[in-house]
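Asks: how would this look folded up:
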Amino acid sequence: MEKLYKVIIVDDDEYSADSLCLELKKYSRLSLEGLARNGVNAKKLLEKVHPDLLFLDIELPDMLGMELLEQVRGGVTWNMQVVFYTAYDKYMINAIRESAFDYLLKPIDKKELEIIIGRFMQKTEETVSSSPMAPPCVYTPNEHTFMISTPTNDLRILRSTDIGFFRYNSERKLWEVMLNNQSSLMLKKNTTAEQIKGYDACFVQIHQSYIINVNYLMMIKENRCVMFPPFGNVTELQVSKKYKKELQERFFLL
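Replies: Down below sits the predicted model:
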């Protein structure tokens, strides 16, 4: 007997969710186990169902889709593939694709859905045949991926490993993130230092204007953070007295 794969949908758009439900019912090996309209109910449904495949809307009434994944990270002990379900333009789709998540654009393109389901089935069965205990997944609890908003309300998906540090731009009065490809991104104006530190435990504040990724920290020399490449030439990361003691105690630095 062929295995049935459990599927749930998280989407507050009733029309889009119903359309997706109808299309998924055409696939005999997919079992639609539930639909959630917001992040709170989605977390309960995930815990109850343990789906193999999750269709997740980018923007929910109470949180972003990536925020939901971050909140459930520690509790997802099974393998789960995530398909972002979005009405965003090609720029956003490319950002999702680069982050290894699959995507489905609203309104539904039946051929695109067929490709996604086919890819899911193929990868799953190929891996199960070679290692029954390790089915494939796009999302795993160890991934540290999160979403940021820019001043123009574009959404970007980043991994903590992409980031060397955050810097507060006093002229524009907003934070910017410095990436390991030598580029930078501005964050939306109301982003706070606390929110940035909440993205990942590796982000630690060293100054009122700087938050670093400690995974790139080599040493602290004369109150300046010396970073591993590709941030080895950065000289501006000064540790202020306010944050120095906390940094020393946390990382046993002298």
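Asks: so what pairs up with residue 59 in the strands?
Replies: The residues listed as beta-bridge partners of residue 59 by DSSP bridges are residue 64.
Asks: and the pLDDT for it?
Replies: Listed pLDDT for residue 59 reads 83.
Asks: residues in contact with residue 225?
Replies: Contacts for residue 225 were tallied using CB atoms under 8 Å, 6 or more residues apart in numbering; they are 206, 212, 217, 219, 234, 237-239. Any C-beta I mention is one placed from the backbone N, CA and C, and that applies to glycine too.
Asks: one more time with 10 Å, if that's ok
Replies: Neighbour list for residue 225: 165, 204, 206-207, 210, 212, 214, 216-219, 231, 234-239, 247 [criterion: CB atoms under 10 Å, 6 or more residues apart in numbering].
Asks: residue 179 too?
Replies: By CB under 10 Å, 6+ apart, the contact list for residue 179 reads 158, 162-165, 185, 230.
Asks: what about 8 Å?
Replies: Contact analysis of residue 179 by CB under 8 Å, 6+ apart lists 158, 162-164, 185.
Asks: so it bridges to which residues?
Replies: Using DSSP bridges, the beta-bridge partners of residue 179 come out as residue 163.
Asks: and for residue 207?
Replies: In beta-bridge terms (that is, DSSP bridges), residue 207 pairs with residue 210.
Asks: isn't it right next to residue 239, touching?
Replies: Yes: A contact is recorded between residue 207 and residue 239 when judged using CB atoms under 8 Å, the distance being 6.5 Å.
Asks: after the lowest-mean-pLDDT helix or strand in the chain comes which helix or strand?
Replies: Of all helical and strand segments in the chain, the minimum by mean pLDDT, DSSP states H and E falls on helix 90-98, at a mean of 50. Scanning forward in sequence from helix 90-98, with DSSP states H and E defining helices and strands, the next element found is strand 102-105.
Asks: packing partners for that following strand?
Replies: Here strand 102-105 is seen to pack against strand 81-86, helix 90-98, helix 110-130 when contacts are counted using 3 or more CB pairs under 8 Å, 6 or more residues apart in numbering; DSSP states H and E.
Asks: least reliable of those going by mean pLDDT?
Replies: Of all those, helix 90-98 has the smallest average pLDDT, which comes to a mean of 50.
Asks: name the element the nearest residue to residue 165 once chain neighbours are set aside belongs to?
Replies: The spatially closest residue to residue 165, leaving aside those adjacent along the chain, is residue 212, at 4.4 Å (CB to CB, 6 or more residues apart in numbering). Per DSSP H and E, residue 212 falls inside strand 210-213.
Asks: and that strand, average pLDDT?
Replies: The predicted model gives strand 210-213 an average pLDDT of 94.
Asks: got it, and stretch 227-237?
Replies: If you average the per-residue pLDDT over stretch 227-237, you get 90.
Asks: not counting that stretch itself, show me its contacts.
Replies: Taking CB under 8 Å, 6+ apart as the criterion, the residues outside stretch 227-237 that touch it are 164-165, 167, 178, 180, 182, 206-207, 210, 212, 216-218, 224-226.
Asks: so which of the residues you listed sits lowest on pLDDT?
Replies: For the contacts of stretch 227-237, the least confident entry is residue 218, with 78.
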